[in-house]
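S.K.: 3D model of this:
(chains A and B)
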Amino acid sequence: MSDIRIETPDGSYDNEDAYNRVIGYISNKTYFGGYGFYYSQNPDNSIIQQFKLSETYSNHKNSQKIWHFYITFSKRQSLTDLLKLADQIALIFARQYQIVYGLDTDEGRPHLHFGVNAFSYHPDIPVLTPESMQDYLTNLQKELQHWHSFKNITLQFQGKKG
Amino acid sequence: MKNTERVDFRLPSETKELLKSLASKKGLKPSEYIRRLIEQDANNISCRQQIHNPSHEQLIENALPINVFTNGLLNNPRLTLEARKIITKEMRNYVGY
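M.R.: Model prediction:
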């Protein structure tokens, strides 16, 4: 049995509503953080709008707007440790892509959700394609073994086990 | 060498003398002195625009230290979990959902 599972849930992430759905869902978790956004009282500059602006200003095109993945653990972990882990993982993306994370404590076994903008806030940096996202998550799989000595880490990327 | 074009313009005599004097102090011809002044001014305007009208990219880059600060609070073990929930609740005000 896996110590950790990294999974990208099925779903449609290529419509205008994708940012609202994913960021709205993750920000409603018990704890919520992330990188690549500022705090503005102006609704035109909300966090969701800031994610959308990266697509607007990008020099690249892509149908998928945002990536959603989550990490579950076979054993109960402390919430503080999970928040630290979430932060470490978010920092992998933060220099190029906006990311939000949420710690879900509702179902008894805490787990982490991440929403990564497929469009970089640097207009020239390419979008996160399925191939590049899979590379990121495969690297994350390896990093988690180094950071926390979890032995069995399963990656299920768009339905395929890796 | 870049292509150049001729520009004729009139100056009051004293301004023309001042131009010659200032250029000479820098070891430049008057035309070269004026060219540098124009380039410097263009550069200053560009810098001011970046400060007063930052791009989306600049705004996000500028926000990263703030994100480091708030995420640091979220995973600070000295704060109670309840306090960290309050931080999350405050952050939700800015999501726009």
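S.K.: For chain B, which element, helix or strand, carries the lowest mean pLDDT?
M.R.: Lowest mean confidence among the helices and strands of chain B (mean pLDDT, DSSP states H and E): helix B:30-52, at a mean of 84.
S.K.: longest strand anywhere in chain A?
M.R.: Counting residues, the longest strand in chain A under DSSP state E turns out to be strand A:111-120.
S.K.: Next secondary structure element downstream of that one?
M.R.: Once the chain leaves strand A:111-120, the next helix or strand it forms, by DSSP states H and E, is helix A:130-148.
S.K.: A:L128 and B:I66, how far apart?
M.R.: Counting by CB to CB, to the nearest Å, the separation of A:L128 from B:I66 is 24 Å. C-beta here means a position set from N, CA and C on the backbone, and glycine is covered the same way.
S.K.: roughly how far is the longest strand of chain A from the heart of the chain?
M.R.: Its chain's C-alpha centre and that of strand A:111-120 lie 2 Å apart, by CA atoms, centre = their mean, to the nearest Å.
S.K.: Run the contact check for it versus chain B.
M.R.: No: Strand A:111-120 does not reach chain B (CB under 8 Å from any CB of the partner chain); its nearest approach is 8.9 Å.
S.K.: and what of stretch A:147-155?
M.R.: No: for stretch A:147-155, no contact with chain B is found by CB under 8 Å from any CB; the gap never falls below 14.2 Å.
S.K.: List the buried residues for that stretch?
M.R.: Within stretch A:147-155, the residues that qualify as buried are A:150, A:153, A:155, counting by 16 or more other CB atoms under 10 Å in any protein chain shown.
S.K.: in its sheet, what does the helix or strand containing the last one sit against?
M.R.: Taking DSSP H and E as the definition, one finds A:L155 inside strand A:153-157. Listed by DSSP bridges, the sheet partners of strand A:153-157 and their directions read strand A:4-7 (parallel), strand A:160-161 (antiparallel).
S.K.: Run the angle between it and helix A:130-148 for me.
M.R.: For strand A:153-157 against helix A:130-148, the angle by axes from the mean of the first three to the mean of the last three CA atoms, to 10 degrees is 170 degrees.
S.K.: Name the residues that touch strand A:153-157?
M.R.: A:2-8, A:130, A:133-134, A:137-138, A:141, A:144-145, A:161-162 (CB atoms under 8 Å, 6 or more residues apart in numbering or on different chains).
S.K.: quick one, what contacts the residue in chain B that chain A sits nearest to?
M.R.: Nearest to chain A in chain B, going by CB to the nearest CB, is B:G96, at a distance of 2.3 Å. Each residue near B:G96 by CB under 8 Å, 6+ apart is listed here: A:43, A:46-49.
S.K.: Please identify the residues of chain B in proximity to chain A?
M.R.: So chain B meets chain A at B:55-57, B:59-64, B:66-68, B:70-71, B:74-75, B:77, B:81, B:84-85, B:88, B:91-92, B:94-97 (CB under 8 Å from any CB).
S.K.: So chain B: which segments form each domain?
M.R.: Per automatic domain parsing, the structural domains of chain B span B:13-52, B:56-95.
S.K.: Pick the most deeply packed of those.
M.R.: domain B:56-95 (a mean of 15; mean count of other CB atoms under 10 Å in any protein chain shown).
S.K.: which stretch in the strands paired with strand A:153-157 has the least confidence?
M.R.: Lowest mean pLDDT of those: strand A:160-161, a mean of 68.
S.K.: Below-threshold pLDDT in the chain: ranges please.
M.R.: Just going to use chain A. Across chain A, residues meeting the criterion (pLDDT under 70) sit at A:1, A:107, A:149, A:160-162.
S.K.: Sorry, I should have been clearer: chain B.
M.R.: In chain B (pLDDT under 70), the answer is B:1-2.
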